[in-house]
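> Provided below for reference: sequence and predicted model.
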Amino acid sequence: MATPHIGCEKSDIAETVLMPGDPLRAKYIAENFLEDAKLVNEVRNMFGYTGTYKGKKVTVFASGMGIPSIGIYSYELYKYYDVKNIIRIGTCGSFNKDIKLLDVILSSGAYCKSYFDQLLDGVDLDFIQSSAELNRKIMNNAKVKGLDLKYGKTITSDVFDLYCDNEEKFRGNYPDMEFLSVEMEAFGLFYIAKKLGKEATCLMTVVDSLYDKRSLSSEDREQSLNDMITLALDSVI
């Protein structure tokens, strides 16, 4: 079985998928967290790996950047490979003063001004909630681990906010300041999950902030990302 963007058999993909944006991060997770990991997709170098974590079959599959890219891969995984759950794991920014660098955020839902849903289905949604079931598992697991997990709304943007000439004008596009994170994929993933009756959520590590201009060390960044990856994996088994 193959789709235009995925070149493997249905049996090669687990029912639960962790989805980083970066193909090399998918490779890193497979090599460092999964047992008996096998490369199951390399079409367009969008790497997908399947292995086991504490005995459970798990797939790690890259999404690329932006709503169009994650929209393609999540749609094909859900519809043609019978995937039930996708957890996007990645990095984000924030312009919430209560959020710090390296905080880990779980998205309660995503707000977006994209035309993605209108072009696909002729509907007009600004906000889509993430999976209550997956969120409950992740939050419970975070409590067990003693992690200070932040939980709240996400902005999904079609532009990389750090490249905006006027950050204040960019922030003015959104209805309030309750948002904890800013990224580029969650809305597309949540919309496809809702459309196909599947489950999806998003875990993010904060790597840039309007209120904290520190430069992160590679060691600090790696440790925080590893904590997030382990939280996601332990929550799906």
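The structure has been received and is ready for your questions. A quick note: this is a predicted structure, and the numbers were derived from the prediction, not measured.
> When you work out contacts or count neighbours from here on, use the C-alpha atoms and nothing else.
OK.
> Can you give me the buried ones in the lowest-mean-pLDDT helix or strand in the chain?
Among the secondary structure pieces of the chain, namely its helices and strands, helix 167-171 has the lowest mean (mean pLDDT, DSSP states H and E), a mean of 71. Of the residues in helix 167-171, none are scored as buried under the neighbour-count criterion (16 or more other C-alpha atoms under 10 Å).
> what comes into contact with the top helix by length along the chain?
If you go by DSSP state H, the chain has its longest helix at helix 218-236. Outside helix 218-236, the residues within contact range by C-alpha atoms under 8 Å, 6 or more residues apart in numbering are 16, 18, 29, 53, 87, 89, 102-104, 137-138, 141-142, 203-205, 207.
> Please list only the buried members of these.
Buried residues within these, counting neighbours by 16+ other C-alpha under 10 Å: 16, 18, 29, 53, 87, 89, 102-104, 137-138, 141-142, 203-205, 207.
> quick revisit: extract the C-alpha trace of the longest helix of the chain and format it as PDB.
Coordinates of each C-alpha in helix 218-236 appear next as PDB, following Å, rounded to 0.1, in the frame of the first residue of the first chain:
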ATOM      1  CA  SER A 218      22.100  23.000  23.100                       C
ATOM      2  CA  GLU A 219      22.200  20.900  26.300                       C
ATOM      3  CA  ASP A 220      19.300  22.800  27.900                       C
ATOM      4  CA  ARG A 221      17.200  22.500  24.700                       C
ATOM      5  CA  GLU A 222      18.000  18.800  24.300                       C
ATOM      6  CA  GLN A 223      17.000  18.000  27.900                       C
ATOM      7  CA  SER A 224      13.700  19.800  27.700                       C
ATOM      8  CA  LEU A 225      12.900  18.200  24.400                       C
ATOM      9  CA  ASN A 226      13.800  14.800  25.800                       C
ATOM     10  CA  ASP A 227      11.400  15.400  28.800                       C
ATOM     11  CA  MET A 228       8.600  16.200  26.300                       C
ATOM     12  CA  ILE A 229       9.300  13.200  24.200                       C
ATOM     13  CA  THR A 230       9.300  10.900  27.200                       C
ATOM     14  CA  LEU A 231       6.100  12.400  28.500                       C
ATOM     15  CA  ALA A 232       4.400  11.800  25.100                       C
ATOM     16  CA  LEU A 233       5.700   8.200  24.900                       C
ATOM     17  CA  ASP A 234       4.800   7.300  28.400                       C
ATOM     18  CA  SER A 235       1.300   8.700  27.900                       C
ATOM     19  CA  VAL A 236       0.400   6.600  24.900                       C
END
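> Great, nothing more from me.
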